[in-house]
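Q: This is the structure alone, sequence omitted:
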């Protein structure tokens, strides 16, 4: 599912060569609170999930990664607040992050934008409610 979503969202950057820097490189995504991990690489013209160690890894909670994906929080804020952590090859991780920041939100399929935005809003509200009880 992750591969299909990435292929759809990143079709234009892959096609025009913006992701060529990832050829043979591996970037990891870790959702710490859910114990989920993916390592992604560019093979030909396809982003693929592989079972190899990542050269750079972005780690965060499900809520923070969803807020980032839904564009309700920006990466710099999350990194400076230490809610996202980048380890390994920092240059590779920052290059990928900058590319994603430049991706026009309106080019993301509408259905996915709606799901990401609503999911991010729900996660933020759930986090706030949990913290209010604590």
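A: Thanks, I have the structure now. Note that this is a predicted model, so its numbers are computed, not measured.

Q: Scan this protein for its longest helix.
A: Taking DSSP state H as the criterion, the chain has its longest helix at helix 110-133.

Q: which of the residues in it are buried?
A: Buried residues in helix 110-133, counted by 16 or more other Cβ atoms under 10 Å: 113, 116, 117, 119, 120, 123, 124. C-beta: built from backbone N, CA, C; applies to glycine.

Q: I'd say the fourth one and residue 68 touch.
A: No. With contact defined as Cβ atoms under 8 Å, residue 119 and residue 68 do not form a contacting pair (11.7 Å).

Q: Which elements pack onto the longest helix of the chain?
A: Judged by 3 or more Cβ pairs under 8 Å, 6 or more residues apart in numbering; DSSP states H and E, the packing partners of helix 110-133 are helix 2-9, helix 62-69.

Q: My read is that residue 123 contacts residue 68, right?
A: No. Checked against Cβ under 8 Å, the pair residue 123 and residue 68 is beyond contact range at 11.0 Å.
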